[in-house]
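Peer 1: give me a model of this one.
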Amino acid sequence: MKQKLIHEDTKNVSSLVEKAQKIVLTEQSLNLMHIASSPQKEESNSQNKILEELKNQIENLTNKVQNMQITSTHSGTTSDQDFKLEHLTSDQKDLLLETLLDRSAAFSKSLKTIGCTDRVIPTFNFRSHNPIKTLPFEIPHAIQGTIKEELNELIEAGLIHRNISQWSSPMVLVKKKQNPTNPHKPASYRMALDLRLLNTILENSTYPLPKILTLINEISKYPFYTTIDFCKAYWQILLPEEMQDVLTFTTPFGTFANRRLVFGLKTAGSIFQALVDLLIDELKLSGTTGIYAYQDDIVIGAHSFQEMHNKIRSVHDILIKYNLTLSPEKCVFFKSTIDYLGFNISHNKIQPITSNILKIISFQPPRTVKQVRRFLGLCGFYISLIPGFAELTECLTELTRKNVPFQWTPTHQEAFKKLQDVFFTKPFVRLPDWDKPFVLNTDASGQAISGILLQEHEGKLHPISYYSKTLSNSERNYPAIKL
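Peer 2: Model prediction:
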C-alpha cells in the first residue's frame, strides 16, 4: 500500500512540475512583451501566486515521498528495488511489479516478518523416549557478543524462547561463505544446532521426495521459468509444543527452545515437501499447473509471459493464504534458462550446471581413496548424461573397494582424464517426445554394459538418456549374448 502511495505521489509531483513550468514560460513571455496594462499585471500577479502555491505543494509532496521511502526501507516493506527484472521489457516489468507489490504480504525481508503456517502439523516418532542431553561446546569469547545479538533477534522475532528442559542439543557455529569481492572482511558465523544424537532416535519419515530426474524432465517441457525462494523456509512451520521442548538447545547464555521447524532435523525436508505438495495440489484444483517443487525449491513453468504472469499471481495468492513468505531478492522471474538441483535447464534440454563442471575439470588427481570417492560422487550425480559411465569409471571404482590397496597408475590417470574431458564438452540430453519413436543402442564389455536412448530431432539423433552398469564378478562370466 505504501508503495502505491509513493508511486501516486511521485506522479502528482511530476504533474505539478509540468504546470509550474508552463506558468514560468508564460510569465517569461509576458515580461518579454513589456506589457504594462493593469489587467495584464493583475493576471501576471495571479499566476505568480499560483506558481508559489505549486512550489509549496511540490516541496511538501517531495518531503512526504522521501519520508515514506525511508519508512519503507526501515520497516522491511517490499519495493521495486528488491526484484531483478532488468531483462524484461518495460511493459512486462510494470505489469509484473504491480502484481508483486499488490501481493507484498507474500514477501519478507526480516525475521520479524517471515510467515508462520499451521497447514501441516509435524509429527515425530522416536525409537526411545528417554531424553537426550548433550553437553554444550565451547564458544570463543571473541564471538559471544555476536551470538548474544542473534539470540536476541530470534527472541524478538518469536522464533525461540527461554526454556528449561530435560532435552538439550548443543549449539554450533557455522562459518559463512566469504564474499569474494571483499576477501579481507572478518569471518562471520551463523548459529546452528548439532542434532546428530537426536536424529539417531528419530524415526525416518515415510513421506516421499520427488525423483530429481523426473522433476527436471517435467520442468524442461516449458520454455520459460520462474524460481521462488522461501525466506527461512523451515522456520515458517510451527512446531507442536511437545516438540519445542525436545528441540531445546544450550548456549553460553542459557537454554532456549525452538518454536519453529529447524534445519538439521532429518525429517525436516519431508515435512516441508508435504507442505508444498499440499500447496501445489490446491493450485491444480483451481486450474494452475506447471508448478514443481523439491522441498523448498519451487519452479513455475510457462509457455508465454502472460501465462507466467497469471501463474505467479495464483502462486502468490495461495502463499498469502497459507501465510508463507518469500525472499524477494532471491526470486528469479521469467527466464529461458535456470540452474535447479544441480542441472541447467532450458527448453527440452538438460545439462550439468557450470559450477559443477568447473569443480570436475579442475579436480586434481586423487591421492587417497576418500578423494577418489569424492570425484566419483561429483561425476556420478550426472550418470544419466554420460555415455558409458560405468565402463569409464570401472578402474576408479575398483580403488574404493575393500582390501584393494590404493595405487594410482597411468590407467587410472587415463580414465580420470577421459571423464574430465567428457564434462569439458558440457554433456546434455534432450527431453523425450512421447509421440515420436525411440532408438535404443546397447553395448557390453567384459566389465560393464551400457545403453543410449535416442530420438530424432531436426533430422539428427539426439540422446534422451544414458544407462550403464558395472558387471558383478558372476556376471562377468556370462557370454556376450546373455549380456
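Peer 1: CA only for contacts and neighbour counts going forward, please
Peer 2: OK.
Peer 1: so where's the stretch 151-300 of the chain uncertain?
Peer 2: 178-187 (pLDDT under 70).
Peer 1: where in the stretch 1-150 of the chain is pLDDT low?
Peer 2: Across the stretch 1-150 of the chain (using pLDDT under 70), the flagged ranges come out as 1-51, 53-77.
Peer 1: try 80 this time
Peer 2: 1-80, 129 (pLDDT under 80).
Peer 1: now do the helices in this structure.
Peer 2: For the chain, applying DSSP state H gives helices covering 2-33, 38-75, 90-102, 144-156, 196-201, 212-219, 241-246, 268-285, 305-321, 354-361, 369-380, 389-392, 394-398, 410-424.
Peer 1: does G388 really touch Y467, like I thought?
Peer 2: Yes. Taking contacts as Cα atoms under 8 Å, G388 lies within contact range of Y467: 7.4 Å.
Peer 1: which one's more surrounded, these two?
Peer 2: The neighbour comparison of G388 against Y467 (other Cα atoms under 10 Å) goes to G388, with 23 against 18.
Peer 1: thinking again about what came up before, mutual contacts of G388 and Y467, please.
Peer 2: 450-451 (Cα atoms under 8 Å, 6 or more residues apart in numbering).
Peer 1: and P140, its phi and psi?
Peer 2: The phi/psi pair for P140 (degrees, to the nearest 10) reads phi -50, psi 140.
Peer 1: that one and L195, how far apart?
Peer 2: 21 Å (Cα to Cα, to the nearest Å).
Peer 1: more neighbours: the two, which one.
Peer 2: Between P140 and L195, L195 has the larger neighbour count (other Cα under 10 Å), namely 21 against 8.
Peer 1: surely that one touches T267?
Peer 2: No. Assessed by Cα under 8 Å, L195 is found out of contact with T267, at 11.5 Å.
Peer 1: joint contacts of the two?
Peer 2: Common neighbours of L195 and T267 (Cα under 8 Å, 6+ apart) do not exist.
Peer 1: got a list of what the closest residue to S450 other than its chain neighbours touches?
Peer 2: Using Cα to Cα, 6 or more residues apart in numbering and skipping residues adjacent in sequence, the residue nearest S450 is S468, 4.0 Å away. The neighbours of S468, taking Cα under 8 Å, 6+ apart as the test, are 387-391, 448-451.
Peer 1: now with 6 Å, please.
Peer 2: 388, 390, 449-450 (Cα atoms under 6 Å, 6 or more residues apart in numbering).
Peer 1: so for it, what's the pLDDT?
Peer 2: Note on S468: pLDDT of 77.
Peer 1: what do you get for H303?
Peer 2: On the pLDDT scale, H303 is placed at 97.
Peer 1: okay, now it: neighbour count?
Peer 2: Applying other Cα under 10 Å, we find 14 other residues in the vicinity of H303.
Peer 1: do the same with the one 10 residues further on
Peer 2: Residue crowding around R313 was assessed by other Cα under 10 Å; the count is 16.
Peer 1: measure the closest residue to it other than its chain neighbours to A106 for me?
Peer 2: Closest residue in space to R313, ignoring its immediate chain neighbours: T99 at 6.6 Å, by Cα to Cα, 6+ apart. Per Cα to Cα, T99 is found 11 Å from A106.
Peer 1: also L96?
Peer 2: Using Cα to Cα, L96 is found at 14 Å from A106.
Peer 1: which one of those two is surrounded by more residues?
Peer 2: Under the criterion of other Cα under 10 Å, the comparison of L96 against A106 puts A106 first, with 26 against 21.
Peer 1: circling back to that earlier point, of the contacts of S468, which belong to strands?
Peer 2: Among the contacts of S468, the ones falling in strands (DSSP state E) are 449-450.
Peer 1: for the contacts of S468, which one is nearest S474?
Peer 2: Proximity of these to S474 (Cα to Cα) peaks at I449, which lies at 13.9 Å.
Peer 1: run a quick check on that closest one versus K469, I expect a contact.
Peer 2: Yes. Counting by Cα atoms under 6 Å, I449 touches K469, with 5.5 Å between them.
Peer 1: more neighbours: the two, which one.
Peer 2: Neighbours per residue (other Cα under 10 Å) separate I449 from K469, with I449 holding more: 19 against 16.
Peer 1: how about that one, what does it touch?
Peer 2: When contacts are counted by Cα under 6 Å, 6+ apart, I449 touches 443, 468-469.
Peer 1: I'd like those residues laid out as a markdown table, including distance to A274.
Peer 2: Conversion of the contacts of I449 to a markdown table gives the following (distance: Cα to Cα, whole Å):
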| residue | distance to A274 |
| --- | --- |
| D443 | 41 |
| S468 | 33 |
| K469 | 33 |
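Peer 1: just those now: which is nearest Y382?
Peer 2: Once Cα to Cα is applied, the member of these that ends up nearest Y382 is S468, at 11.8 Å.
Peer 1: and stretch 277-297, end to end?
Peer 2: Note: stretch 277-297 ends 12 Å apart using Cα to Cα.
Peer 1: try stretch 133-146
Peer 2: First-to-last residue span, stretch 133-146, Cα to Cα: 25 Å.
Peer 1: tell me the buried residues in that stretch?
Peer 2: Within stretch 133-146, the residues scored as buried using 16 or more other Cα atoms under 10 Å are 133-134, 136.
Peer 1: if we look at it, which residues are touching it?
Peer 2: Outside stretch 133-146, the residues within contact range by Cα under 6 Å, 6+ apart are 167-170, 250.
Peer 1: one more: stretch 423-438?
Peer 2: If you take Cα under 6 Å, 6+ apart as the criterion, stretch 423-438 is touched by 348-351, 385, 454-455, 463-464.
Peer 1: coming back round to it: restricted to strands, list the contacts of I449.
Peer 2: Among the contacts of I449, the members falling in strands (DSSP E) are 443, 468-469.
Peer 1: among those residues, which one lies nearest to C231?
Peer 2: Using Cα to Cα, the ones in strands among the contacts of I449 come closest to C231 at S468, 39.8 Å.
Peer 1: what about the closest one, distance to P140?
Peer 2: Counting by Cα to Cα - S468 and P140 are separated by 50 Å.
Peer 1: as PDB, could you dump the C-alpha coordinates of stretch 250-263?
Peer 2: Coordinates of each C-alpha in stretch 250-263 appear next as PDB, following Å, rounded to 0.1, in the frame of the first residue of the first chain:
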ATOM      1  CA  THR A 250      22.200 -24.900  25.000                       C
ATOM      2  CA  THR A 251      24.200 -21.600  24.600                       C
ATOM      3  CA  PRO A 252      26.600 -19.700  26.800                       C
ATOM      4  CA  PHE A 253      23.600 -17.500  27.800                       C
ATOM      5  CA  GLY A 254      21.200 -20.300  28.800                       C
ATOM      6  CA  THR A 255      18.900 -22.800  27.200                       C
ATOM      7  CA  PHE A 256      16.300 -22.000  24.600                       C
ATOM      8  CA  ALA A 257      13.500 -23.800  22.700                       C
ATOM      9  CA  ASN A 258      12.600 -23.600  19.100                       C
ATOM     10  CA  ARG A 259       9.100 -22.600  18.200                       C
ATOM     11  CA  ARG A 260       9.600 -23.500  14.500                       C
ATOM     12  CA  LEU A 261      10.900 -26.400  12.400                       C
ATOM     13  CA  VAL A 262      14.700 -26.300  12.300                       C
ATOM     14  CA  PHE A 263      17.400 -27.200   9.700                       C
END
